[in-house]
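K.L.:
just to be clear, the model below is a prediction. Sequence and coordinates:
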Amino acid sequence: MTDDPARTDPQPSPGAAAQAASGNRSVAGFLQAYGILIALVVVCLGLTFLNEFFLTPRNILNVLRQTSINGILAIGLTFVILARGIDLSVGSVVALAGVVAASLASTSSTAAVAGGPYPVGLALIAGVAVGAICGAVSGAAVARFNVPAFVATLGMLSAARGLTLLYSDGRPVPALTDEFRWIGTGDIFGIPMPVVLFALVFAGAWWTLTQTRFGRHVYAAGGNPHAATVSGINVARIRFAVFAISGALAGLAGMILAARTGSALPQAGVAYELDAIAAVVIGGTSLAGGVGRVTGTLIGALLIGVVNNGLDLMGVESYYQLVIKGVLIVAAVMLDQTRNRRE
Amino acid sequence: MTNVLLEVDGLRKSFGGVVALQEGRFRLESGSVHALCGGNGAGKSTFLSIVMGIQPRDSGTIQLEGRDVSFASPAEALDAGISIIEQELSPVPAMTVAENIYLGREPVGLFGRVDFARMNKAAGELLDRLGFDIAPTEVMMDLTVARMQLVEIAKAISYDAKVIIMDEPTSALGEAEADHLFDAIRTMRDQGKGVIYVSHRLTEIFDIADRYTVFRDGAFVADGALADIDKTHLVELIVGRPLTEEFVKTNAPTDEVVLSVEGIDAAHGVRDVSFDLKRGEILGIYGLMGSGRTEVLDRLFGLGPKNHRHGRITLGGQELVVRDASEAIAAGLALVTEDRKGSGLVMTQDVRANICLARLEKLSSTPLMMSPARETDAARRMIDLFGIKTASDRLGVADLSGGNQQKVVLGKWFLTEPRILLLDEPTRGVDVGAKREIYSIMSDFAAQGGAVILVSSETDEVLGMTDRTLIMRDGRLAGELSGDDMTAPALLHLAA
């Protein structure tokens, strides 16, 4: 059939046109893929000149450690946002998973769970499981009962915080075992554990989104849920799964935070969802779903971390830092929009 | 005695080195319906968007009633007396019909309060005059797509413009609704207005228009009176070479029943539908918008509400129960939906991802991991098989023409090696050349032992392609036609 000489197509030399278009696209594509990376490099170079401490191994590890919690949350959110959802509850889930895991790893007799401390493995599994359950509940509300993700996770934001306060009686869970604290303060070959875990989470997420069938399904379900359904993809299951992933990663982040500080605070993680969403958005993932990369999220999280660190080093007051971060978020998306419009 | 309303000459526009329009020429007289013809990518859309002030031109002149004009925005064009009905609807779903029609120019009363009574009355009069049976107080999102389209048409007419541009206005309309539209167009013509009519449906053009202008490859090719040309020659002008036959038909039905449907129900009041589909057959389902054609296909494919359980579907002698699309695909069905952008393609993704979408489990190397090599190979095979015009399989499907997009959808389904193709309006919004290719694809598929159900609201297509056609009306089968009994009047009579 393709050899049929009578085959017609009145397109104006479409090959050539498409090629020229893809030429433009590759410039745009380059910017899309690397624009944020260029921004990160420029900021790093600037800070290297402005401050002698910036480019020291110690400070770089410091930046990475500070970025790791937000980075892990942002990676979970990348799954959710790619599938056309949003998760506002991660900050509260950080606190809930933190106190639950900590209560199992505490030597204090006042801990909510008697008879501890339990083996660290049990505490870690419990923390991730608590997070995953919170995510699964939100996910079920979204996927099964068609509650908008914004509303479902707004509810979870409040409920998980309430559960945290109930469980901990509003008091910090102190005196964590050294084994548990190791995931926040330990290191492997000099690399701090939070950074190691961040790297593992990133690698796993990158592999899942780019190499697996599940990853393909996430992009399709976010890009066009109708087309995905017609193509035999169980969109409800994908929606459910991404929230569970986001919750589980929030649980992990909550334990790292508790382990680092040595006790789990019931008021931990407030407004963490905002920085995580910011990292995803700065990284070029579309809030409309279906478009984005987890590498973008990684760079977005690093950019936020570097800017915070740089402003700290230069002694800029933290109130100004908030303003600068706000401008950064909007500017990054504005650039994105301008470029899209030009296309 | 006519006077020239709109005269455009030497219009030129390029986008980053790619010339989209190199020689746009058009002359619209008052009291005329002027068809603007051309394939996808011929430059029609660019031409119209420049005339409407959506995009700036590189060079060329536009004269409205003898005066040079240059609109910076559609609002300016509207003020000057040019209105447009766009192909893509842009309703405000939560507002009423009247609010949509008078959006941005609501009649106001005391203290700036919107005078709803006056607005509803004016909208009601307008809709009555056009013969559209729609109440001004109905909420837009409660309407069917066809009726929304009618509201958009009423809106464009309500501006009382001198020049009305209609870009594929009937793409969502059934024939009865289209007739109302054509009556309205004739009224406007008789009032001395000028209508620029863009459509891929040539029958329609010969029905309603009196003059034509053809663009090809971004340039003016010819114009003239439709009375002086026939369909074949017009198609030749559009495509740029002679076409042998519009419809390609190589299949012949056998006696072997592959799919048997007995008394099924479906959404929107579809009841008691029974038919047999034979190997090698192209079975048509014809009917007006809302007659239940799409719902029947959705039921077969396991889509739509799940509370329809009546009846029995047998595939190859075995009872078939499909609860979702994945089971339908596993059974060897494939569904090309009527809404290409809405449910056919993932517009945010590239050609390869779209082609592979329904077949991912077979393109995996391990249960979990995808095999990029197999995906690339699958995409390459389908691009070659259907001659999809794309620079690369990584090009976004949003950048392809309508015909090539539809071929990507077909490629996605052929990759699943289906036994039965369900096609819902597969040639909507597709140009003449690509249309013919799609006909040849479905015909070859049936000839090679497959079977096709073709849902269409174009009588020509039904007459040209199907072996036998079921007619649906109000959710039920109203009749079946085949052979010499299958004529346009017979189809229309049974459908309406």
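P.N.:
Sure, I can see it. Remember, predicted model here, so these are calculated numbers, not experimental data. Numbers count the residues shown, from 1 in each chain, chains lettered A, B, ... in the order given.

K.L.:
any low-confidence regions in the stretch 51-200 of chain A?
P.N.:
A:109-116 (pLDDT under 70).

K.L.:
can you give me the strands for it?
P.N.:
With DSSP state E, counting those that start in this stretch, the ranges of strands along the stretch 51-200 of chain A come out as A:187-188, A:191-192.

K.L.:
could you say which of these is packed most deeply?
P.N.:
Ranked by mean neighbour count under mean count of other C-beta atoms under 10 Å in any protein chain shown, these are led by strand A:191-192, which reaches a mean of 17. Yep, even glycine has a C-beta here, placed from its N, CA and C like the rest.

K.L.:
residue B:288 is in contact with residue B:176, correct?
P.N.:
Yes - in this structure, residue B:176 is within contact of residue B:288 by C-beta atoms under 8 Å, at 6.0 Å.

K.L.:
mind listing the shared neighbours of these two?
P.N.:
Residues touching both residue B:176 and residue B:288 (C-beta atoms under 8 Å, 6 or more residues apart in numbering or on different chains): residue B:496.

K.L.:
which one's more surrounded, those two?
P.N.:
Here residue B:176 and residue B:288 are set side by side on neighbour count (other C-beta atoms under 10 Å in any protein chain shown), and the busier one is residue B:288, at 21 against 13.

K.L.:
ignoring the adjacent residues along the chain, who's closest to the more buried one?
P.N.:
By the measure of C-beta to C-beta, 6 or more residues apart in numbering or on different chains, the closest residue to residue B:288 outside its immediate chain neighbours is residue B:174, 3.7 Å from it.

K.L.:
ok, back up a step: now tabulate the strands of the stretch 51-200 of chain A in JSON lines and tack on distance to residue B:489.
P.N.:
Output for the strands of the stretch 51-200 of chain A, formatted as JSON lines (distance: least, C-beta to C-beta, whole Å):
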{"stretch": "strand A:187-188", "distance to residue B:489": "81"}
{"stretch": "strand A:191-192", "distance to residue B:489": "80"}
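
K.L.:
what pLDDT does the residue in chain B positioned nearest to chain A get?
P.N.:
Relative to chain A, the nearest point of chain B is residue B:39 (3.0 Å; C-beta to the nearest C-beta). We note a pLDDT of 76 for residue B:39 in this prediction.

K.L.:
is it fair to say it lies in a helix?
P.N.:
No - counting by DSSP: H, G, I helix; E, B strand; the rest coil, residue B:39 is located in no helix; its state is coil.

K.L.:
and it, how many neighbours?
P.N.:
As a burial measure, residue B:39 scores 29 neighbours (other C-beta under 10 Å).

K.L.:
ok, back up a step: pipe the strands of the stretch 51-200 of chain A into CSV and attach distance to chain B per row.
P.N.:
Conversion of the strands of the stretch 51-200 of chain A to CSV gives the following (distance: least, C-beta to the nearest C-beta, whole Å):
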stretch, distance to chain B
strand A:187-188, 27
strand A:191-192, 28
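
K.L.:
tell me the domain boundaries of chain B?
P.N.:
In the assignment given by automatic domain parsing, the structural domains of chain B cover B:4-239, B:257-495.

K.L.:
using CSV, lay out those domains together with distance to residue A:137.
P.N.:
Listed next are the domains of chain B as CSV, based on distance: least, C-beta to C-beta, whole Å:
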stretch, distance to residue A:137
domain B:4-239, 30
domain B:257-495, 24
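
K.L.:
please identify the most buried of those domains.
P.N.:
Burial of the domains of chain B is given as mean neighbour count (mean count of other C-beta under 10 Å); domain B:257-495 ranks first at a mean of 20.

K.L.:
for the residue positioned nearest the centre of chain B, what are its contacts?
P.N.:
Central residue check for chain B by C-alpha atoms, centre = their mean: the C-alpha nearest the mean position is that of residue B:428, 3.3 Å away. By C-beta under 8 Å, 6+ apart, the residues touching residue B:428 are B:171, B:338, B:340.

K.L.:
filter those residues down to the ones close to chain A.
P.N.:
With C-beta under 8 Å from any C-beta of the partner chain as the criterion, the contacts of residue B:428 include none near chain A.

K.L.:
who's in contact with residue B:143?
P.N.:
Residues in contact with residue B:143 (C-beta under 8 Å, 6+ apart) are B:97, B:134, B:151.

K.L.:
what sits opposite the nearest residue to residue B:211 once chain neighbours are set aside in the beta ladder?
P.N.:
Nearest-residue entry for residue B:211: residue B:34, 4.6 Å, with adjacent residues in sequence omitted and distances by C-beta to C-beta, 6+ apart. Each beta-bridge partner of residue B:34 is listed here: residue B:196, residue B:211, as defined by DSSP bridges.

K.L.:
is it true that residue B:34 touches residue B:8?
P.N.:
No - between residue B:34 and residue B:8 no contact is recorded; they are 11.6 Å apart, counting by C-beta under 8 Å.

K.L.:
any common contacting residues for these two?
P.N.:
With C-beta under 8 Å, 6+ apart applied, the overlap between the contact sets of residue B:34 and residue B:8 consists of residue B:26.

K.L.:
how about CSV for the contacts of residue B:143, with pLDDT added?
P.N.:
Listed next are the contacts of residue B:143 as CSV, based on pLDDT from 0 to 100:
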residue, pLDDT
B:97, 92
B:134, 91
B:151, 90
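
K.L.:
can I get these in CSV with distance to chain A?
P.N.:
Conversion of these to CSV gives the following (distance: C-beta to the nearest C-beta, whole Å):
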residue, distance to chain A
B:97, 26
B:134, 26
B:151, 23
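
K.L.:
among those, which are in helices?
P.N.:
Per DSSP state H, helices hold the following members of these: B:97, B:151.

K.L.:
can you lay out the contacts of residue B:143 as CSV showing distance to residue B:402?
P.N.:
Written out in CSV, the entries for the contacts of residue B:143 read as follows (distance: C-beta to C-beta, whole Å):
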residue, distance to residue B:402
B:97, 29
B:134, 28
B:151, 24
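
K.L.:
hang on, the earlier thing: which pLDDT value goes with the residue nearest to residue B:211?
P.N.:
The per-residue pLDDT reported for residue B:34 equals 94.
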